[in-house]
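Visitor: any chance you could fold what I've pasted below:
(one chain, ligands or ions: 1)
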Amino acid sequence: MKIIKFVSVAIAIVLFASCTKKENTISSIDKRVDSLISLMTLEEKIGQLNLPSAGAFVTGSVESSDIAKKIEQGKVGGLFNIKTVANIREMQKIAVEKSRLKIPLIFGMDVIHGYESVFPIPLGLSCSWDMKLIERSARIAATEASADGINWTFSPMVDISRDPRWGRISEGSGEDPYLGSQIAKAMVTGFQGNDLSANNTIMSCVKHYALYGASEAGRDYNTVDMSHNRMYNEYFPPYKAAVDAGVGSVMASFNEIDGIPATANKWLLTEVLRNQWGFNGFLVSDYTGVSEMINHGIGDLQTVSARALDAGLDMDMVSEGLLTTLGKSVSDGIVTEQQITEACRRILEAKFKLGLFDNPYKYCDDSRAKSEVFTDANRAEARSTAAQSFVLLKNANNILPIKKSGTIALVGPLADAKENMTGTWSVAARFSESISVLEGLKKAVGTDAQIVYAKGSNLTEDEVLENNSTLFGKGLHRDKRTAAQLREEAVRIAQGADVIIAAVGEAAEMSGEAASRSNIEVPEIQRELIQALVKTGKPVVLVLFTGRPLALAWEDKNVSTILNVWFGGSEAGDAIADVVFGDVNPSGKLSTTFPQNVGQVPIYYAHKNTGRPLSGPWFQKFQSNYLDVSNEPLYPFGFGLSYTTYSYSDIKLSSPGMNASDSLVVSVDVTNTGSREGKEVVQLYIRDIIGTITRPVKELKAFEKIYLAAGETKTVKFTLHQSDLSFYNADLKFVAEPGEFHVFVGGNSRDVKQASFVLK
Ligand code: BGC
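Guide: Prediction:
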């Protein structure tokens with residue numbers, strides 16, 4: 001018996017080793033995984049399912065201790081929250097030199113919007129509507145992260161959200177399934193490239209599957225309850241797009257779905273993701289997502305861990321529930337070793353795909369770490385990308401762009417705030433090297449103009465709120481003077497200036513994880529500052545920092561110019577100067593609706609019509625509207641101004657109708673009617689007039705960002721296919737139903753040209 005076992009282990013070792021030089025084709029990976037698995041004990045298989053945090057940047061409690069020892073014992077499959085080649089090499093060395101089977105670790109990190117060269121927060125990036133640009137930002141992030149030892153990123157976050165109270169709206173691409181899907185694809189492609197085994201590509205992990213952006217009342221980690229119809233048509237598409245793009249891993253979300261937390265939801269993880277969509281990578285929980293199911297109230301650690309495995313989860317981030325209970329669950333007959341083997345197999349496959357078995361140190365190249373991170377070229381790309389993400393919300397009297405001459409007063413708590421430029425989830429950023437607005441403006445004007453600066457106000461009057469909004473080293477250096485003193489100083493310098501730039505809004509950590517707000521206005525004390533500045537009679541430009549749509553009705557009414565700059569990344573200050581002085585013409589368009597007030601939330605353009613739609617003027621009794629605010633958003637989805645203007649011709653259709661197998665070409669002439677070049681995002685929406693289930697009043701189905709010289713006209717053509725007209729019906733079948741469709745084209749979701757056609 002012993003001899004047979006010895007012989008078979010020896011054969012397996014030979015097979016496993018003899019394959020290690022071979023190419024990573026699917027079948028060769030399968031063979032190598034099989035031979036490795038045949039060598040593994042149950043404990044070693046369970047060990048691969050364990051993902052502890054290495055310590056820094058925690059978002060919850062740290063469950064694991066003595067990680068090095070655990071790695072040596074084969075109880076760790078990967079690590080995250082660890083940075084630098086030296087640190088990662090040290091951990092990898094333990095795994096491949098001291099553990100029995102020498103299985104390399106996978107190293108993850110939240111590389112969300114850049115690494116050290118930080119790009120705009122995802123919500124800002126999405127407003128560029130430029131898929132090549134977005135893909136490139138992910139490519140650069142992957143190059144930098146991989147040069148520093150990382151091979152797996154917890155990105156993209158593709159959660160649709162229509163609730164600006166939710167702080168994590170900043171981490172996603174806004175409210176729209178179509179735009180969100182295009183971005184999901186671009187990000188996955190950017191991170192993974194077309195060869196995951198290259199040393200400068202990293203595995204992507206789409207998150208948070210699923211529906212996390214619909215947490216009740218916008219409160220983070222809260223309950224989600226949604227119809228399957230809405231899931232399939234509105235919230236699932238971006239996750240599916242990431243899967244279709246070949247994403248290597250998926251992260252389960254914290255929230256429950258149909259009463260079962262996503263982490264243990266078999267329908268979600270296995271039926272939809274694997275069976276319906278064909279996902280064949282591995283599934284990881286979110287941070288303590290497994291043990292949190294005890295609080296959700298579905299069982300003790302052993303029960304929830306077994307349920308997670310049974311549902312299809314492969315890897316446990318931080319809880320150590322799988323590590324510590326699955327052995328017992330096998331003996332108790334609750335789960336089978338086969339289920340553990342399958343989960344382990346998927347993790348090993350990912351490591352093979354990354355080429356870690358061929359060279360576990362392939363991402364530990366000191367020379368790359370020195371030469372490929374935070375390079376001038378990457379920073380230049382981050383700068384131009386940031387400028388593409390800004391959205392010009394208002395520019396009455398064309399105050400922007402301003403001239404590089406005279407005296408410019410720069411005021412506001414975000415004006416001289418390096419640490420805040422990169423925004424939330426920028427764990428690898430070098431804060432001290434970010435470009436502040438003050439620096440950016442000064443550099444841009446040189447000696448041609450004078451920049452005078454005063455802080456003008458703190459972030460908020462409430463010191464506790466300010467502290468909680470400026471965590472993780474993103475302090476705003478609270479000024480001890482009174483609000484009146486700070487304001488007076490600002491007004492004094494503003495009075496002597498030709499124009500005032502007010503850098504106001506949210507601090508970097510006022511959005512992001514566990515940063516929900518019930519009041520989504522600019523903090524009162526900053527509004528008082530703006531009011532005092534407006535009173536001087538000088539032109540005031542708001543450079544607005546935010547990680548969410550804010551309720552800006554007061555600002556829109558009282559200030560002539562608003563440039564929304566989100567959090568633009570490490571080069572934000574230079575990018576802001578580029579746009580403020582007109583070296584770059586803003587072209588960003590909102591990927592999320594800005595409400596008039598928080599009471600309108602959720603407000604989104606692709607709403608249903610209701611049985612009592614408001615048509616005609618507001619207010620109408622017994623129609624669907626509010627007594628105290630109209631149904632209109634302040635700024636609609638797709639909206640954004642430019643320093644030039646565009647006009648749209650009427651829509652031309654290639655035919656008045658289309659058969660299911662045909663396509664229809666929708667064309668429109670777009671003219672730059674202003675005096676300078678610019679980029680315009682041409683957007684196409686449809687409405688399915690009659691359906692077997694109700695359909696939204698508008699749905700984005702195509703867009704193209706075009707460049708137009710002053711006076712130039714271009715014809716933009718979109719081709720619609722049956723799939724563009726399809727939706728998930730009452731039986732969740734993806735169908736197009738014959739009948740009339742409206743098609744709209746314009747520069748935002750509100751101001752559009754309209755035509756109609758029939759699907760036969
Ligand atoms: C977040 C994830 C993140 C993880 C690891 C969690 O708290 O929800 O988005 O990837 O932490 O840092």
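
Visitor: CA atoms for contacts and neighbours, from now on please.
Guide: Will do.

Visitor: show me which residues of the protein sit near the ligand.
Guide: Residues of the chain found near the ligand (Cα under 6 Å from any ligand atom) are 59, 110, 154, 286, 287.

Visitor: buried subset of those residues?
Guide: 110, 154, 286, 287 (16 or more other Cα atoms under 10 Å).

Visitor: ok now do residue 269, which residues does it touch?
Guide: Counting by Cα atoms under 8 Å, 6 or more residues apart in numbering, residue 269 makes contact with 252, 262, 263, 311, 312, 313.

Visitor: just the helices in the stretch 351-500 of the chain please.
Guide: Taking DSSP state H, counting those that start in this stretch to define them, one finds helices in the stretch 351-500 of the chain at 366-371, 376-389, 437-445, 463-468, 483-495.

Visitor: mean neighbour count for those - can I get that in a markdown table?
Guide: Below are the helices of the stretch 351-500 of the chain laid out as a markdown table (neighbours: other Cα atoms under 10 Å):
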| stretch | mean neighbour count |
| --- | --- |
| helix 366-371 | 14 |
| helix 376-389 | 23 |
| helix 437-445 | 20 |
| helix 463-468 | 14 |
| helix 483-495 | 19 |
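
Visitor: state the pLDDT value of the nearest residue to residue 417 once chain neighbours are set aside.
Guide: Residue nearest to residue 417 in three dimensions, not counting chain neighbours: residue 436, with 5.8 Å by Cα to Cα, 6 or more residues apart in numbering. pLDDT, residue 436: 98.

Visitor: out of the helices of the stretch 351-500 of the chain, which comes closest to residue 409?
Guide: helix 483-495 (5.4 Å; Cα to Cα).

Visitor: just checking, what packs against the closest one?
Guide: Applying 3 or more Cα pairs under 8 Å, 6 or more residues apart in numbering; DSSP states H and E, we find helix 483-495 packed against strand 406-411, strand 449-454, helix 524-535.

Visitor: list the contacts of that helix.
Guide: Residues from elsewhere that reach helix 483-495, judged by Cα under 8 Å, 6+ apart: 409, 411, 452-458, 461, 500, 525, 529, 532-533, 536, 538.

Visitor: how close does the residue in the stretch 401-550 of the chain that the ligand sits nearest to sit to residue 225?
Guide: The minimum distance from the stretch 401-550 of the chain to the ligand, using Cα to the nearest ligand atom, falls at residue 513 (6.9 Å). Separation of residue 513 from residue 225 (Cα to Cα, to the nearest Å) stands at 20 Å.

Visitor: neighbour-wise, which of those two wins?
Guide: Between residue 513 and residue 225, counted using other Cα atoms under 10 Å, the more crowded position is residue 513 (18 against 15).

Visitor: tell me the spacing between that one and residue 470.
Guide: Taking Cα to Cα, one finds residue 513 at 13 Å from residue 470.

Visitor: and what of residue 228?
Guide: To residue 470, residue 228 is 38 Å away according to Cα to Cα.

Visitor: picking up where we left off before, could you dump the helices of the stretch 351-500 of the chain into TSV and include distance to residue 427?
Guide: As requested, the helices of the stretch 351-500 of the chain are exported to TSV (distance: least, Cα to Cα, whole Å):
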stretch	distance to residue 427
helix 366-371	17
helix 376-389	16
helix 437-445	21
helix 463-468	17
helix 483-495	32
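
Visitor: spatially nearest residue to the residue of the stretch 551-700 of the chain found nearest the ligand (excluding sequence neighbours)?
Guide: Closest residue of the stretch 551-700 of the chain to the ligand, Cα to the nearest ligand atom: residue 567 (18.1 Å). In this structure, residue 567 finds its nearest non-sequential neighbour in residue 423, 5.0 Å apart by Cα to Cα, 6+ apart.

Visitor: what is the neighbour count of that neighbour?
Guide: As a burial measure, residue 423 scores 33 neighbours (other Cα under 10 Å).

Visitor: which residues are in contact with it?
Guide: 120, 121, 507, 508, 509, 547, 567, 568, 569.

Visitor: ok but the fifth one is inside a helix, no?
Guide: Yes - following the definition DSSP: H, G, I helix; E, B strand; the rest coil, residue 509 is counted among the residues of a helix.
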